[in-house]
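K.L.:
here's a sequence, model it:
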Amino acid sequence: EIISKIKSKKRPQFIDFISNDIDAEVLLHLDKAILLDFVDIIGVEMFGKMLSVLSINMIVDVLGDFPKDFRKEVLEFIQYKKRLKVKRLFAYPEASVGRYMSFDYLSVSSTFIVKDVIEYLRKNTKSEVRDIRNTEIFVLNQENRVIGSISILDILKLQHQDIITNAIRPYPHVLNTYDDISEAIESFIEYHLQIIPVVDSNSQLVGAIEINNITSLIKDEAAKNLLAPAGVFEAKREGVLGLAKARFAWLFVNFITASSAASVISSFEPLIAVFAVLASLTPIVASVGGNTGNQASAVIIRSLATRE
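P.N.:
As a prediction, this is how the structure comes out:
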């Protein structure tokens, strides 16, 4: 936030001063123009190394607005395995589930017994994949397709020699890599899930999408839907002048319509002069009309959001 508020002329000096101490996650909150200034000062190699400490989804988030050539140049300085996964996500369309999916999920074969699952969990605790925020384990058949899931809590209730297929339950929803991200948002809301498996065109598991991965997207969409009707979404970070520019067109339209209404009223001036009580009704009609419009728009927006 501090960097964003510094004037563009003085920004390079400030970035150069703090570049050695800045936390990599700060990059997630910087606009594209500021990131370009940052890269110009520290260089592409250092920028790539800073991104290396971030998660795969964070790297995609930072580089998402940049051209392919620039992304390719930066990715050369990111660890090989992580680079391949980042490229896989960038291969999917921008608004697709595949772009936002994660590789941090748990899956086991349907042939496993409880002892095998516990050993699998023990091994994965030491790897970069293991993030036990998700207690759900996807169970796959021989074709690598999701046939259900089992929680770690359920595993602890079973005997070591029990077959896990006896305890799995069907997973309520599965997403495809090319599904629109809006469908993922609706699925999280409808099914009250924390993580949803993502499959390819052959229905084989290729990843998972966590609600944590799209929380910021949900907030951005909510802000956009709220501010766009007022024409201020793009200018919300540009200060008072930016807001004034964004609102001018809307205010001008409002001025024209109000002037039209005034001209219509003025045409009845002789009648109003005779029946002065009519003049007192003018603000009432305007007020009721405005309130009715606001209520109608609120009901319509809510109905669209809840699909009622």
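
K.L.:
what's in contact with stretch 57-77?
P.N.:
With contacts defined as C-beta atoms under 8 Å, 6 or more residues apart in numbering, stretch 57-77 is touched by 25, 27-28, 32, 35, 44-45, 47-49, 51-52, 54, 78, 82-83, 86-87, 89-90, 94, 99-100, 102, 213, 216. C-beta here means a position set from N, CA and C on the backbone, and glycine is covered the same way.

K.L.:
and those, which of them are buried?
P.N.:
The neighbour count (16 or more other C-beta atoms under 10 Å) marks 27, 35, 47-49, 51, 54, 78, 82-83, 86, 89-90, 99-100, 102, 213 as buried among the contacts of stretch 57-77.

K.L.:
alpha carbons only: can I get stretch 205-215 in PDB?
P.N.:
This file holds the C-alpha atoms of stretch 205-215, laid out as PDB (Å, rounded to 0.1, in the frame of the first residue of the first chain):
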ATOM      1  CA  LEU A 205      -7.700 -36.500 -11.600                       C
ATOM      2  CA  VAL A 206      -5.200 -33.800 -12.500                       C
ATOM      3  CA  GLY A 207      -5.500 -31.500  -9.600                       C
ATOM      4  CA  ALA A 208      -7.800 -29.900  -7.000                       C
ATOM      5  CA  ILE A 209      -9.100 -26.500  -6.300                       C
ATOM      6  CA  GLU A 210      -9.300 -25.100  -2.800                       C
ATOM      7  CA  ILE A 211     -11.500 -22.300  -1.600                       C
ATOM      8  CA  ASN A 212      -8.400 -20.600  -0.400                       C
ATOM      9  CA  ASN A 213      -7.100 -20.400  -4.000                       C
ATOM     10  CA  ILE A 214     -10.100 -18.300  -5.100                       C
ATOM     11  CA  THR A 215     -11.000 -16.300  -2.000                       C
END
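
K.L.:
switch to numbering from 168
P.N.:
Got it, first residue is 168 now, which makes that one stretch 372-382.

K.L.:
ok now that stretch, how far from the chain's centre?
P.N.:
Relative to the centre of its chain, stretch 372-382 is centred 11 Å away, using C-alpha atoms, centre = their mean, to the nearest Å.

K.L.:
quick one: Val241 and Tyr259, what's the gap?
P.N.:
For Val241, the distance to Tyr259 equals 19 Å [C-beta to C-beta, to the nearest Å].

K.L.:
which one of those two has more residues nearby?
P.N.:
Counted by other C-beta atoms under 10 Å, Val241 and Tyr259 do not tie: Val241 has more neighbours, with 23 against 16.

K.L.:
tell me the confidence at the more buried one?
P.N.:
If you check Val241, the pLDDT there is 94.

K.L.:
for Arg312, same thing?
P.N.:
96.

K.L.:
what about it, how many residues close to it?
P.N.:
17.

K.L.:
can you check Ile331 too?
P.N.:
Going by other C-beta under 10 Å, the residues that sit close to Ile331 add up to 22.

K.L.:
thought it was touching Lys282?
P.N.:
No: Ile331 lies out of contact with Lys282 (C-beta atoms under 8 Å); the separation is 10.2 Å.

K.L.:
could I get the full set of strands for the stretch 368-475 of the chain?
P.N.:
Secondary structure of the stretch 368-475 of the chain (DSSP state E, counting those that start in this stretch): strands located at 372-377.

K.L.:
where does it dip in pLDDT?
P.N.:
Residues of the stretch 368-475 of the chain that meet the criterion pLDDT under 70 lie in 387-410, 413, 471-475.

K.L.:
next one: the nearest residue to Asn311 once chain neighbours are set aside from Phe305, what distance?
P.N.:
Leaving aside its sequence neighbours, Asn311 sits nearest to Gln371 (C-beta to C-beta, 6 or more residues apart in numbering; 4.4 Å). Relative to Phe305, Gln371 is positioned 12 Å away (C-beta to C-beta).

K.L.:
which one's more surrounded, the two?
P.N.:
More neighbours surround Phe305 than the other of Gln371 and Phe305, with 22 against 12 (other C-beta under 10 Å).

K.L.:
list the contacts of the closest residue to the more buried one other than its chain neighbours.
P.N.:
Using C-beta to C-beta, 6+ apart and skipping residues adjacent in sequence, the residue nearest Phe305 is Ser274, 4.2 Å away. Contact analysis of Ser274 by C-beta under 8 Å, 6+ apart lists 304-307, 313, 372.
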